[in-house]
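# Sharing a model that was predicted from the sequence below.
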Amino acid sequence: MEGTLGVRKGAWSNFEDDLLKACVQQYGEGKWHLVPKRAGLNRCRKSCRLRWLNYLNPNIKRGEFTNDEVDLILRLHKLLGNRWSLIAGRLPERTPNDVKNYWNSNIKKKLSSNKEDVNARPKEIVMEPHIVIKPQPRTISRTSPLLRGKVIKEDESENKQCNVSSETCAAASLECNINWLGTLLEENGSFIENDTCLLGEQDATPLEDLSWDKEHFSLTTTEIEDFLKEDQSWSDVIDFKW
DNA sequence: AAACGTTGCAACCGCTTTTTC
DNA sequence: AGAAAAAGCGGTTGCAACGTT
């Protein structure tokens, strides 16, 4: 099977897999545009990358999803929508493709069958439409405490360039994410207070009284922390690379 | 046993985002 | 700053394996 320019498509042979594995072992991951040439493969870079990330990478787990994993997928999907790479990032050794396939072939089906049940009983609670959380661009003011006293050098040109350390930028990025989440919650009639995430409720209902299924978007801090791996904070989780 | 339907997963495609020059 | 190239992502498709009639 060959596509345009004679590039091979379709299922990978064992021989091709071996070539790709040897190439990645020798040169490491990345620089995918060089991989076909280096490995001696008649495949496009995308195909090589996908084959490695979804199948050949030794750090991926195969087989059935555990109940915990399914639970986590459900929660994260509710929070993030179809952001498979982000969801997979919270599931050790699972790939975005695996998660997506699992969702499409298992969970989606179950949810739609539940929906049919709901239609059969019209008085029951119907799921709210999906809310997909998207980041908003942020600008750091020159006087922001995030800069921790660091000076922003003014360029000769009209455009000012931020000349701070990567550490400071990372801190700024983290704070931006937190602020973004706060703004997002406010926009949805929710807010954060101390360590408390008040979602869809303006009357400061204690978090313990909120449950995941109660509102279209409600989480307790315990539930939020359920997302976290060991030694990670909520800040680590929301410091996404968008 | 054959025909047909369903399922699960690997792979492709098109698009967006990021990086490089 | 802008264009081009590379990387990344999510939706969709194709197909082999399996189940059902």
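On my side now, so go ahead.

# Can I take it that A:Glu64 is in a helix?
No: remark: A:Glu64 does not belong to a helix; assigned using DSSP: H, G, I helix; E, B strand; the rest coil, it is coil.

# Can you report how many residues lie near it?
8 (other C-beta atoms under 10 Å). All C-beta atoms are positioned from the backbone trio N, CA, C, and that covers glycine.

# With A:Lys109 instead?
With neighbours defined by other C-beta under 10 Å, the count for A:Lys109 comes to 11.

# before we move on, what about A:Asn42?
A:Asn42 has 14 neighbours, counted by other C-beta under 10 Å.

# Which helix or strand contains it?
Assessed by DSSP states H and E, A:Asn42 sits outside every helix and strand.

# and the closest residue to it other than its chain neighbours, what are its phi and psi?
Leaving aside its chain neighbours, A:Asn42 sits nearest to A:Arg8 (4.6 Å; criterion: C-beta to C-beta, 6 or more residues apart in numbering). Backbone torsions of A:Arg8, given as degrees, to the nearest 10, read phi -70, psi 140.

# Please name the bridge partners of A:Arg8.
Taking DSSP bridges as the rule, A:Arg8 bridges to A:Glu2.

# What spatial separation is found between it and A:Asn54?
For A:Arg8, the distance to A:Asn54 equals 17 Å [C-beta to C-beta, to the nearest Å].

# Ok, A:Thr66 next?
For A:Thr66, the distance to A:Asn54 (C-beta to C-beta) stands at 20 Å.

# can you check A:Cys23 too?
From A:Cys23 over to A:Asn54 (counting by C-beta to C-beta), the distance is 16 Å.

# Fine, thanks again, bye for now.
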